[in-house]
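Visitor: The following comprises the amino acid sequence and a computationally predicted model.
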Amino acid sequence: MPVKLLVTGGAGFIGSAFIRLVIREFRQYQVLNLDKLTYAGNLENLAAVQDSPRYRFVRGDITELDFVLDLIGQEKPDAIVHFAAESHVDRSILSPEPVVRTNVFGTYALLEAARRHGVGRFLHVSTDEVYGSLEEPFEADENYPLRPSSPYSASKAGSDLLALSYFTTFKLPVFVTRASNNYGPYQFPEKLIPLMICNALEDKPLPIYGDGMQVRDWLFVDDHCRALVALLEKGRPGEIYNVGGSLALPNREVVRRILAITGKPETLMVSVKDRPGHDRRYAIRSEKTMQETGWAPCVDFSEGLRLTVRWYQEHGDWVRRVRSGEYQRYYELNYAGR
Ligand code: NAD
Ligand code: TYD
């Protein structure tokens, strides 16, 4: 019997990579993709799977409780893989409301529907940002305290706790994953790596927040998705699993490497006003995930970054389309006054 997955947010960056991977390599799964298609959702990301008999798309908003209850009641998925979120820290600072609504209430609606309809597995995809900023040499394991700094990370921490409460209280088989910063093809050019690549390719200034010495742990998106597939099979209900990358680097170094790959001068880097509440350093330990699933990240950062730059160079039309309209307004709002 095929396993029926309801994937939320499957038209976004990581969700679409997950669906492409599952349809390509894991034939036991059928996928129903539920996505609202916000500015971050793009069905072009799923062109490779759109004709597969194992893939379907339904447009809808996870914050509409009645709709979510009906959909899950009708479709009766075996498992839910929940990616849908407002995922960008800067937008959560400019406008926290949709972030709280989707990330907290939307997660509640899915949990409640999963509970009422007896869904057998609920994978809640979260982030290492819930641990907040860590001083050297600390690294967060899954028991580390939650100290989120931004409305985005606070909303994710809230949704993590809500998800885990559905296991403790209702025995819904929920588990939570917390991944580090993802990068790779199809990432919306508001996050550091795609924004810097796109600007560099057009000889535009590369805005570095503050001193640019903030450290992030970089995880190639397919490595993340392979960890999720492994956890879908082997993760234990009620548990949290960190999923970290292959290299931690300060932002300036990441941007320097992008400039070196694209052959552009370092003078394109400009220091701009820092992000309020900016976390200095993220660092996690992923031994638990590795030990319980046998997963390990396998894409080295230099290789992943080269591949990502090449993808953006070869997909100028995709970039032009996602940067038209709403993106211009956001860019102006976030960067003009810095
Ligand atoms: P994204 O912004 O690229 O995509 C989010 C998707 O969710 C979009 O397709 C959007 O249309 C959809 N969506 C938003 N609100 C919705 C709603 N109310 N109803 C239905 N669909 C809605 O995000 P991403 O970078 O792919 O992140 C996916 C998940 O992974 C998020 O939960 C995020 O918190 C988590 N995560 C991201 C990173 C990262 O580096 N990007 C790292 C760790 C964890
Ligand atoms: P981002 O990709 O927004 O991820 P997060 O804040 O969720 O880790 O940012 C990564 C790092 O890059 C973070 O320290 C903020 C910094 N940054 C810049 O310096 N300039 C930018 O224009 C952006 C988008 C991010």
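Guide: Cool, the structure landed. Ligands and ions are numbered 1, 2, ... in the order given.

Visitor: burial count for Pro250?
Guide: 16 (other C-beta atoms under 10 Å). For glycine as for every other residue, the C-beta is placed from the backbone atoms N, C-alpha and C.

Visitor: How about the residues of the chain by ligand 2?
Guide: Applying C-beta under 6 Å from any ligand atom, we find that the chain lies next to ligand 2 at 89, 129, 181, 191-192, 195, 207-209, 214, 216, 251, 275.

Visitor: will you turn these into JSON lines that also has neighbour count and pLDDT?
Guide: Output for those, formatted as JSON lines (neighbours: other C-beta atoms under 10 Å; pLDDT from 0 to 100):
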{"residue": "Val89", "neighbour count": "21", "pLDDT": "98"}
{"residue": "Glu129", "neighbour count": "25", "pLDDT": "98"}
{"residue": "Asn181", "neighbour count": "20", "pLDDT": "98"}
{"residue": "Lys191", "neighbour count": "17", "pLDDT": "98"}
{"residue": "Leu192", "neighbour count": "22", "pLDDT": "98"}
{"residue": "Leu195", "neighbour count": "21", "pLDDT": "98"}
{"residue": "Pro207", "neighbour count": "20", "pLDDT": "98"}
{"residue": "Ile208", "neighbour count": "19", "pLDDT": "98"}
{"residue": "Tyr209", "neighbour count": "17", "pLDDT": "98"}
{"residue": "Gln214", "neighbour count": "21", "pLDDT": "98"}
{"residue": "Arg216", "neighbour count": "23", "pLDDT": "98"}
{"residue": "Asn251", "neighbour count": "20", "pLDDT": "98"}
{"residue": "Arg275", "neighbour count": "17", "pLDDT": "98"}
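
Visitor: and which of those is nearest ligand 1?
Guide: For those, the residue nearest ligand 1 by C-beta to the nearest ligand atom is Asn181; the value is 4.6 Å.

Visitor: Excluding chain neighbours, give the residue nearest to the closest one in space.
Guide: Nearest residue to Asn181, sequence neighbours excluded (C-beta to C-beta, 6 or more residues apart in numbering): Arg216, at 4.5 Å.

Visitor: hang on, Met213 packs against Asn251?
Guide: Yes. If you go by C-beta atoms under 8 Å, Met213 and Asn251 touch, sitting 7.3 Å apart.

Visitor: coming back round to it: ok but the residue nearest to Asn181 is inside a strand, no?
Guide: Yes. Counting by DSSP: H, G, I helix; E, B strand; the rest coil, Arg216 is part of a strand.

Visitor: All further residue positions should be reported with the first residue as 385.
Guide: Fine by me, first position is 385 from now on; the one you just mentioned is Arg600.

Visitor: which ones are touching Asp474?
Guide: By C-beta atoms under 8 Å, 6 or more residues apart in numbering, Asp474 lies in contact with 574, 659, 718.

Visitor: Now, those that are in helices?
Guide: Asn718 (DSSP state H).

Visitor: Name the secondary structure element that contains Tyr674.
Guide: Actually, residue 674 is Met. It isn't Tyr. According to DSSP states H and E, Met674 maps onto helix 671-677.

Visitor: Ok, Arg440 next?
Guide: Following DSSP H and E, one finds Arg440 within strand 439-443.

Visitor: hmm, who's touching the first helix or strand past that strand going along the chain?
Guide: Using DSSP H and E, the helix or strand that directly follows strand 439-443 along the chain is helix 449-459. Contacts of helix 449-459 with the rest of the structure, by C-beta under 8 Å, 6+ apart, involve 388, 390, 416, 418, 442, 444-446, 464, 493-494, 496-498, 500-501, 503.

Visitor: Buried among these? Make that a ChimeraX selection.
Guide: Buried subset of the contacts of helix 449-459, written as a ChimeraX selection, criterion 16 or more other C-beta atoms under 10 Å:
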select :390,416,418,444,445,446,464,493,494,496,497,498,503
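
Visitor: Could you list which of the contacts of helix 449-459 belong to helices?
Guide: Filtering the contacts of helix 449-459 for membership in helices, criterion DSSP H, returns 493-494, 496-498, 500.

Visitor: Perfect, I'm done here.
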